[in-house]
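Participant: Test case, fold it:
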Amino acid sequence: MTLDARRTFTRQETWRAWQLQGRVCHLCRRDIPFDLMQGDHIVPWSQGGRTSSENLQAICGSCNLRKGNTAQSVVDVRFSAGLLNPSTAPLRPWQAEAMPIVLSLLGREPVLVEACPGAGKTRFGLEVAHELATKGHISRVLVVVPSLAIADGWARACSVATPGAPTLPLRTQRDWRAVDPIGDGWLGAIITYQSLLSSTEMFLAHATDPGQRTLVIFDEVHHAGADAAWGIAAQEAFAAGAWGILSLSGTPFRTVRDPIAFVPSEGGNARPHYRYSYDQAITDGACRPVQFVEARGETTFRTSDHRTHSVTFDDTDVTQIRERGRLRAAIEWIDDGSIAERMLIDANQYLLGLRQRGDTDAAGLVVCIDCDHAARVAGHMASRVLDFRPVVACSRLHDDNDPDPANAIRVFRASHDPWIVAVNMVSEGVDIPRLRAVVYLTNRLTLLSFRQIVGRVVRTDPANVDDHGRVYLPADPRLLGMARRITENVDLLPPPLVLITDGERALRVSNGNGGEAKGSFEALNTVGEQGGVFDTDGRDSHADLVACARLFIEREGLTGTDPESLALAASDAPELRQALLALQHGPR
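Facilitator: Numbers count the residues shown, from 1 in each chain. Down below sits the predicted model:
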């Protein structure tokens with residue numbers, strides 16, 4: 001067999017074939033830009049096919065990959081010296097330790113790195129991409145994230161405006177569409193899992209664009225269940241098309257019930273190639289410690305059997321129905337003197353104190369049940385706590401002045417506004433270092449969700465390095481139990497499917513919250529009381545000590561601390577503790 005002396009088609013020949021085909025791929029018939037088309041032999045060149053117009057079809061990279069194309073030389077991106085700039089700050093110790101491990105494995109197998117929220121996963125991913133690109137191992141990077149807000153964080157991190165991190169030219173969905181070529185001068189793109197699902201074939205084409213060798217980075221990879229839509233799209237687009245796959249996660253998880261795409265497992269547990277836990281991050285100073293402030297009091301509510309219940313958070317021997325109702329009433333009932341209002345007022349006083357002491361942009365986050373709940377919370381804060389409406393990030397807007405969720409988060413991050421009220425938009429991956437407090441007004445009771453929410457206040461703030469985060473939460477035993485386990489290394493199960501029986505009623509709920517059917521529960525009233533406080537350093541103070549600390553600060557006119565911090569300091573300082581508790585009996 002004699003092979004044609006000319007191996008490849010010219011771009012002009014491929015252009016003509018593409019035009020004659022109606023500007024679509026000859027095989028999948030998709031409308032794909034010419035930059036992503038390849039000239040292909042209908043009868044393979046290796047089997048004697050001629051390199052002539054009669055044997056030419058213009059097909060996209062993904063079709064050519066499935067058809068069995070020959071590997072091409074990799075595009076050299078190192079010429080872009082002005083666009084690919086190295087970092088100017090040293091790596092954190094864990095990043096320096098993980099880097100050689102990850103680089104030695106990428107290209108051979110998918111790699112999973114698990115690092116707690118706030119530890120610096122985004123910068124680590126960019127460092128890996130920069131190292132591989134400048135050494136010529138890859139020529140394209142696709143970063144897949146859960147939301148546009150997280151995509152904005154990646155875009156900020158790799159821009160010239162962010163000091164320290166490497167500079168990478170990555171496009172975003174705000175100014176680029178998947179149907180368009182990535183283009184010269186760009187290393188790749190940052191996309192969402194939803195975009196990947198809606199344009200799977202296009203991203204396969206981008207990953208296999210002629211001459212490209214692609215690194216795919218999955219941020220918060222636990223969203224990509226192997227049998228779920230996002231995970232299936234990820235596998236279809238990149239299982240064969242990517243040169244290397246790096247998966248990142250801020251929360252440990254298990255795979256026994258829901259395998260994750262490209263995540264290795266062992267005994268039902270996700271097996272990271274490198275793990276960096278929250279307790280390590282606190283020790284290293286990479287993350288803030290956290291204080292948990294309990295809100296106690298009495299709740300009154302009516303259940304579906306038309307019975308009225310009054311339950312306090314000091315009651316220990318309660319049924320599941322009363323336990324669920326107690327928490328729901330505490331977070332849903334927002335009125336003067338309520339448990340929810342007490343948390344909001346105390347948290348706002350804490351932020352005001354921080355701002356007066358020099359942390360001038362300290363901010364707080366309220367996490368709500370749904371958009372209706374968020375609207376009620378924002379309205380109450382506007383009328384009774386702040387005298388102005390806080391920023392609201394919710395998919396269903398209740399005020400004409402509220403921006404859409406992604407824009408709300410972006411504007412809030414750069415502003416000096418003190419409060420943002422959200423449902424799910426600020427639960428993971430959103431980097432707002434100035435967040436110092438979270439008010440937990442949601443019924444999300446999975447350990448995974450709890451850790452993601454707490455993770456919003458563990459990020460260090462370069463402007464205020466000697467600080468801590470704070471979480472205000474109802475004194476529900478389930479929430480307090482998760483708070484006390486926040487520094488433990490535990491592999492988390494996905495949210496369970498539970499069966500709840502309430503009299504003659506059986507409700508299936510898919511979030512493990514033990515919720516009631518809409519309309520079968522009614523919160524009637526709550527009365528907030530002082531609760532205790534504990535922190536990730538192991539210190540613990542009961543409600544009486546916090547109340548005494550509050551009296552002491554008021555009596556002495558102190559401005560450099562707050563009651564909770566003072567009570568925690570007294571918990572391991574016997575003389576101070578004795579002095580505070582003496583206030584229970586009145587002034588000396």
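
Participant: Can you check the pLDDT for the closest residue to Arg478 other than its chain neighbours?
Facilitator: Sequence neighbours aside, Leu445 is the residue nearest to Arg478 in space, at 5.6 Å (criterion: CB to CB, 6 or more residues apart in numbering). (Each C-beta comes from the backbone N, C-alpha and C, glycine too.) The confidence metric pLDDT takes the value 88 at Leu445.

Participant: Hmm, Leu445 is touching Pro477, no?
Facilitator: No. Leu445 lies out of contact with Pro477 (CB atoms under 8 Å); the separation is 10.9 Å.

Participant: neighbour count winner among the two?
Facilitator: Comparing Leu445 with Pro477 by other CB atoms under 10 Å, the one with more neighbours is Leu445, at 19 against 12.

Participant: tell me the SS of the more buried one?
Facilitator: Under the three-state scheme (DSSP: H, G, I helix; E, B strand; the rest coil), Leu445 adopts coil.

Participant: what's the answer for the one 3 residues further on, then?
Facilitator: Under three-state DSSP, Leu448 falls in the helix class.

Participant: and it, how many neighbours?
Facilitator: 21.

Participant: Quick one: mean pLDDT for the helix ranked longest in the chain?
Facilitator: In terms of residue count, the longest helix belonging to the chain (DSSP state H) is helix 339-356. Averaged over helix 339-356, pLDDT sits at 95.

Participant: do stretch 18-25 as well
Facilitator: 88.

Participant: now the end-to-end length of that stretch.
Facilitator: 7 Å (CA to CA, to the nearest Å).

Participant: Return the set of buried residues in it.
Facilitator: By neighbour count on 16 or more other CB atoms under 10 Å, the buried set for stretch 18-25 is Trp18, Val24, Cys25.

Participant: ok, the last one to Thr559 distance?
Facilitator: It stands for Cys25. Cys25 sits 69 Å away from Thr559, taking CB to CB, to the nearest Å as the criterion.

Participant: can you check the first one too?
Facilitator: Applying CB to CB, the value for Trp18 to Thr559 is 72 Å.

Participant: And the pLDDT for the residue nearest to Phe262 when sequence neighbours are not counted?
Facilitator: Distances taken as CB to CB, 6+ apart place Pro110 nearest to Phe262, at 4.0 Å, with adjacent residues excluded. Listed pLDDT for Pro110 reads 95.

Participant: now do Pro259
Facilitator: At Pro259, pLDDT is 85.

Participant: Kindly state the beta-bridge partners for Glu266.
Facilitator: For Glu266, the beta-bridge partners are Asn269 (DSSP bridges).

Participant: Verify the stated contact: Ala286 with Arg123.
Facilitator: No. Counting by CB under 8 Å, Ala286 does not reach Arg123; the two are 11.1 Å apart.

Participant: From the chain's centroid, how far away is stretch 326-334?
Facilitator: 26 Å (CA atoms, centre = their mean, to the nearest Å).

Participant: Oops, could you answer that again for stretch 27-45 instead?
Facilitator: 38 Å.

Participant: quick one: buried residues of it?
Facilitator: Within stretch 27-45, judged by 16+ other CB under 10 Å, the buried ones are Leu27, Arg30, Ile32, Pro33, Leu36, Met37, Gln38, Gly39, Asp40, His41, Trp45.

Participant: Distance across that stretch, terminal residue to terminal residue?
Facilitator: Note: stretch 27-45 ends 18 Å apart using CA to CA.

Participant: And the closest residue to Tyr274 other than its chain neighbours, how close does it get to Phe292?
Facilitator: Closest residue to Tyr274 apart from its sequence neighbours, by CB to CB, 6+ apart: Ala98 at 4.2 Å. Plainly put, Ala98 is 30 Å away from Phe292 if you go by CB to CB.

Participant: With adjacent residues omitted, what lies nearest to Glu114?
Facilitator: Pro272 (4.0 Å).

Participant: Quick check: that neighbour touching Cys116?
Facilitator: No. With contact defined as CB under 8 Å, Pro272 does not reach Cys116; the gap is 11.8 Å.

Participant: Of those two, give the one with the bigger neighbour count.
Facilitator: Between Pro272 and Cys116, Cys116 has the larger neighbour count (other CB under 10 Å), namely 28 against 19.

Participant: Could you double-check that that one lies in contact with Gly455?
Facilitator: Yes. Counting by CB under 8 Å, Cys116 sits close enough to Gly455 to count as a contact (7.1 Å).

Participant: Which positions within stretch 530-547 qualify as buried?
Facilitator: Quick answer for stretch 530-547 (16+ other CB under 10 Å): 530-536, 539-541, 543, 545-547.

Participant: what's the burial count for Gly49?
Facilitator: So Gly49, with other CB under 10 Å, has 17 neighbours.

Participant: Assign it to helix, strand or coil.
Facilitator: Counting by three-state DSSP, the backbone at Gly49 sits in coil.

Participant: Could you tell me which ranges of the chain sit under the pLDDT cut-off?
Facilitator: Within the chain, the segments meeting pLDDT under 70 span 1, 66-82, 161, 252-257, 397-403, 425-429, 465-466, 489-519, 585-588.

Participant: Among the buried residues of stretch 530-547, which one sits closest to Leu327?
Facilitator: Gly531 (13.9 Å; CB to CB).

Participant: The closest one: what secondary structure?
Facilitator: strand.

Participant: May I see the buried residues of stretch 27-45 arranged in a markdown table, with secondary structure and distance to Asp184 as well?
Facilitator: Below are the buried residues of stretch 27-45 laid out as a markdown table (DSSP: H, G, I helix; E, B strand; the rest coil; distance: CB to CB, whole Å):
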| residue | secondary structure | distance to Asp184 |
| --- | --- | --- |
| Leu27 | coil | 26 |
| Arg30 | coil | 23 |
| Ile32 | coil | 18 |
| Pro33 | coil | 13 |
| Leu36 | helix | 14 |
| Met37 | strand | 16 |
| Gln38 | strand | 18 |
| Gly39 | strand | 20 |
| Asp40 | strand | 23 |
| His41 | strand | 27 |
| Trp45 | helix | 28 |
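
Participant: Going by distance to Thr8, which of those residues wins?
Facilitator: Gly39 (6.9 Å).

Participant: ok so, going back, can you tell me how far the residue nearest to Arg478 is from Val457?
Facilitator: Distance from Leu445 to Val457, by CB to CB: 19 Å.

Participant: Repeat that for Arg156.
Facilitator: 19 Å.

Participant: For these two, indicate the residue with more neighbours.
Facilitator: Val457 (26 against 16).

Participant: quick one: contacts for Asp535?
Facilitator: Pro289, Val290, Gln291, Phe292, His468, Leu568 (CB atoms under 8 Å, 6 or more residues apart in numbering).

Participant: Alright, calling it a day.
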